[in-house]
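S.K.: structure of the sequence below:
(one chain, ligands or ions: 1)
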Amino acid sequence: MIEPPVRSAAHRADLDPPERHPEAPAPGTVLPSHYADCVGCGPNHPTGLRMVTTAGPDVTVTGTFTVTAAHQGAPGLAHGGVLATALDEVLGGLSWLLRKPMVTGRLETDYIRPVPVGTTLALAARCVGFSGRRMYAKGQGRLDTPDGPIAIRAAAVFVVVGVEHFTEHGADMTAEQVHDYEVNP
Ligand SMILES: CCCCCCCCCCCCCCCC(=O)SCCNC(=O)CCNC(=O)[C@H](O)C(C)(C)COP(=O)(O)OP(=O)(O)OC[C@H]1O[C@@H](n2cnc3c(N)ncnc32)[C@H](O)[C@@H]1OP(=O)(O)O
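M.R.: Residues are numbered from 1 along each chain as shown. Presented below is the predicted three-dimensional model:
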């Protein structure tokens with residue numbers, strides 16, 4: 001029997017407000033790829049989404065994702081799992097503004113409109129607040145322009161982790177990669 005998830009990413013009333021890190025990239029800064037082989041943002045990934053994300057004001061990130069024939073789930077339409085990946089990437093980019101390594105714990109996605117091949121989704125993410133190690137966030141994707149119709153919405157919980165999460169569970173990392181994932185004091 002497959003058990004459904006028992007937790008929710010719905011935002012709680014008792015969250016600590018998000019704090020933009022003093023060394024966060026300035027609003028308008030294009031965020032670097034955190035890993036060259038990442039399926040979301042990696043420039044070396046042969047079939048990745050090649051997303052570009054940008055720091056916004058407060059604790060917000062925007063990004064774009066152009067849907068191509070490689071992302072179809074039905075003829076001419078984007079696959080929902082690929083759209084969730086794009087949302088995950090822009091939500092994960094909040095790490096840069098908080099200067100905390102985090103992993104996705106939960107990602108709830110509403111699919112509101114079909115997204116045709118050729119669409120450039122305008123994605124946006126905002127940190128809502130913290131409860132201990134849990135970071136609550138929301139995100140959305142609009143068709144073609146930042147004021148276009150909303151196609152997808154998400155609520156997410158990311159969990160703050162130490163660098164050992166990646167060194168213990170993943171492949172070997174270079175000293176430079178470890179440094180990039182270290183939590184700033
Ligand atoms: C210098 C900085 C720069 C940084 C560099 C920037 C990089 C910026 C770009 C990144 C962009 C990438 C975007 C894609 C990001 C992925 O796709 S990450 C990959 C997918 N996610 C995973 O693989 C995570 C797999 N899960 C796990 O490893 C573990 O379950 C977790 C999430 C680490 C938690 O395990 P744990 O550390 O043992 O912690 P645990 O005590 O279980 O939970 C801690 C707290 O979180 C809560 N929690 C745990 N799981 C969940 C859940 N699923 N839902 C809700 N709450 C949860 C617990 O209830 C607990 O809450 P409290 O009781 O403390 O209040």
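
S.K.: for Arg142, name its beta-bridge partners.
M.R.: Under DSSP bridges, the beta-bridge partners of Arg142 are Ala122, Ile150.

S.K.: surely it is in contact with Leu121?
M.R.: Yes. Using C-beta atoms under 8 Å, Arg142 is in contact with Leu121, at 7.0 Å. In short, each C-beta sits where N, CA and C put it, glycine included.

S.K.: what's the overlap in contacts for these two?
M.R.: Ala151 (C-beta atoms under 8 Å, 6 or more residues apart in numbering).

S.K.: helices or strands next to the strand or helix carrying Leu83 in the packing?
M.R.: Leu83 is part of helix 80-92 when elements are defined by DSSP states H and E. Using 3 or more C-beta pairs under 8 Å, 6 or more residues apart in numbering; DSSP states H and E, the elements in contact with helix 80-92 are strand 60-66, strand 72-74, strand 102-111, strand 120-131, strand 134-143, strand 150-160.

S.K.: so which of those is nearest His34?
M.R.: strand 102-111 (11.2 Å; C-beta to C-beta).

S.K.: in its sheet, what does that closest one sit against?
M.R.: Here strand 102-111 has these sheet partners by DSSP bridges: strand 150-160 (antiparallel).

S.K.: state the mean pLDDT of the strand it pairs with.
M.R.: Here strand 150-160 scores 98 as its mean pLDDT.

S.K.: could you check how many residues crowd around Ile2?
M.R.: Ile2 has 3 neighbouring residues, counting by other C-beta atoms under 10 Å.

S.K.: how close does it get to the ligand?
M.R.: Counting by C-beta to the nearest ligand atom, to the nearest Å, the gap from Ile2 to the ligand is 16 Å.
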